[in-house]
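J.: A structural model of the following input is requested.
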Amino acid sequence: VQTCALPICAGPHQSKCGGVCYTLLHNGEAMPSNMQLLQLEPESTLHFSKTPMTSSPSRLLKVTNLSSSNVAFKVKTTAPKAYLVRPSNGTLKPNGSQDVQIILQPQGADANTNTHRFLVQAVPVQSSETVSREQWGEYPKEAIQEQRLSVVLEEQQPECEPINPDKPATIQPPVVAHQP
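T.: Here you go, the predicted structure:
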């Protein structure tokens with residue numbers, strides 16, 4: 001087992017072992033990543049918080065270009081009908097950033113979201129124009145950098161006052177205003 005202590009990759013929670021970058025997940029596992037062009041915030045897990053008041057929770061994914069050239073990116077998911085991703089692709093100028101809004105659709109929240117994944121792909125480009133689907137297909141696989149993100153859906157119940165068994169419940173009588 002090889003361990004690394006030197007952070008030489010793009011993100012603050014990445015380290016490099018044997019020439020491969022690994023993203024250190026919150027559970028301590030290392031996930032291979034070759035993403036050096038972009039920094040993603042969050043970098044490994046998208047947390048969605050569903051409450052009775054929000055049927056379509058959303059999350060922002062901040063994509064930042066760490067390179068000195070233009071970088072095209074696109075965001076893919078294993079569950080395309082479950083999410084609305086805006087914008088799903090674009091081109092960032094050097095040191096530029098873009099907030100990508102990811103909205104969990106009501107029908108997507110009913111599915112097993114723990115199996116959902118996102119993939120952010122990036123490639124250096126000459127132009128600052130958006131790269132078309134056809135152009136993406138022309139890039140060699142070795143030129144495309146990737147970073148995967150997992151999904152966690154947290155379902156929250158409506159907030160109620162906690163019950164304290166040591167304190168007796170008190171009921172306040174209604175206040176009635178008397179008219180003379």
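J.: got the buried residues for the longest helix that the chain contains?
T.: Longest helix of the chain, by residue count under DSSP state H: helix 133-138. Residues of helix 133-138 include none that count as buried (16 or more other C-beta atoms under 10 Å). To be clear about C-beta, it is placed using only N, CA and C from the backbone, and glycine gets the same treatment.
J.: The next helix or strand after that helix pairs with which strands?
T.: Remark: after helix 133-138, the chain's next helix or strand is strand 145-155, criterion DSSP states H and E. Looking at strand 145-155 with DSSP bridges, its partner strands are strand 45-50 (parallel), strand 117-125 (antiparallel).
J.: Tell me which residues are up against strand 145-155.
T.: 23, 31, 33-38, 40, 42-51, 57, 61, 104, 109, 113-114, 116-123 (C-beta atoms under 8 Å, 6 or more residues apart in numbering).
J.: Give me the buried entries from those residues.
T.: Buried by 16+ other C-beta under 10 Å: 23, 31, 33, 35-38, 40, 43-44, 46, 48, 50, 57, 61, 104, 109, 113, 116, 118, 120-123, out of those.
J.: From residue 35, how far off is residue 57?
T.: Using C-beta to C-beta, to the nearest Å, residue 57 is found at 25 Å from residue 35.
J.: make that residue 78, sorry
T.: Using C-beta to C-beta, residue 78 is found at 18 Å from residue 35.
J.: Sounds good, over and out.
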